[in-house]
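In: predicted model and sequence follow; I will ask about them next.
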Amino acid sequence: MTPHRSQATEEHTMKTSSLKPASAQAITGQWCVGVLGRDEVGALVVDSGGLRLRTRRAASCLLEPAAGDSVACLRIAPDEVWVMAVLQREEGTANVVSCEGNDMRIAVEGGRLELAAEELDVATRRTRLATDTADVVGRQLTVVGTGIKLVGSVLSSVMDRVQHFSKHYLRTTDGIDRVAATHLECEAKQLLRLEGEHTLVNGRELVKARGAQIHFG
């Protein structure tokens, strides 16, 4: 091999090496543990050792941090610190699970989701429930609303006692409206009216009509 050709080969090798990209490196982070607080403008800060750093809650930290919590933080840059987890909380501070953003969905694929608590409060502007079968079991059930609407094909109720009060009660039945009772009373303070194309009154033993005036026809 001639010296000229050897020099050209070395120059080509050097140029090829310079064109190769440098090996990629991951962004490093530094873990720290501190106590969470707020500064004069209300922003979250963490005191770790002699450092006081402004911080933000990571999306994976669903438990909303509160002042006084011992938290684990990840520092990616001098001005970028994330609260990753709440390690310890003072007694008496409420636990709030929240997620920043517009929508949140809890999904259990092919499993079962249970909520167990001494008391459950749900506060929302609008609630929608869609299910094939729903069962509500309780010792006492109270439903309060300015307007209540029930729509269905069959309504069946079994009660020991039914008590109803309303200022006006209107009922329309296209088919048969039948009442079967051991003792039936209808009482009106002013006017009682029964009207039909054919009216039948049948008393097996006695039919009695009493009044100051009785008119037929």
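Out: That came through, no problem.

In: show me where the protein has its helices.
Out: With DSSP state H as the criterion, the chain has helices at 3-19.

In: so, low pLDDT: which residues of it?
Out: 1-22 (pLDDT under 70).

In: roughly how far is stretch 184-192 from the heart of the chain?
Out: Here the centre of stretch 184-192 is set off from its chain's centre by 48 Å, with C-alpha atoms, centre = their mean, to the nearest Å.

In: over to stretch 47-67?
Out: The answer for stretch 47-67 is 27 Å, by C-alpha atoms, centre = their mean.

In: end-to-end on it?
Out: End-to-end distance for stretch 47-67, by C-alpha to C-alpha, to the nearest Å: 11 Å.

In: ok, residue 47 - contacts?
Out: Counting by C-beta atoms under 8 Å, 6 or more residues apart in numbering, residue 47 makes contact with 34, 35, 37. (Glycine included, C-beta is placed from N, CA and C.)

In: ok, now residue 75?
Out: 29, 30, 31, 32, 53, 81, 82.

In: can you name the residues bridging to it?
Out: Bridge pairing for residue 75 (DSSP bridges) gives the partners residue 30, residue 81.

In: and the gap between it and residue 24?
Out: From residue 75 across to residue 24, the span is 21 Å (C-beta to C-beta, to the nearest Å).

In: residue 133 too?
Out: From residue 133 to residue 24 the distance is 54 Å (C-beta to C-beta).

In: which one of the contacts of residue 75 sits closest to residue 91?
Out: residue 32 (24.4 Å; C-beta to C-beta).

In: ok, the closest one - how many residues close by?
Out: 17 (other C-beta atoms under 10 Å).

In: what about it, distance to residue 44?
Out: Residue 32 sits 14 Å away from residue 44, going by C-beta to C-beta.

In: cool, residue 201 as well?
Out: From residue 201 over to residue 44 the distance is 82 Å, taken as C-beta to C-beta.

In: quick one: which of these two has more around it?
Out: residue 44 (19 against 7).

In: contacts only, for the nearest residue to the more buried one once chain neighbours are set aside.
Out: Nearest residue to residue 44 in three dimensions, chain neighbours excluded: residue 55, at 5.1 Å (C-beta to C-beta, 6 or more residues apart in numbering). Shown in contact with residue 55 (C-beta under 8 Å, 6+ apart): 36, 44, 45, 46, 73, 81, 82, 83.

In: again, 6 Å this time
Out: Counting by C-beta atoms under 6 Å, 6 or more residues apart in numbering, residue 55 touches 44, 46, 73, 81, 83.

In: going along the chain, name the strands of this protein.
Out: Counting by DSSP state E, the chain has strands at residues 30-38, 44-48, 51-54, 56-57, 70-77, 80-88.

In: nice, that's everything, thank you.
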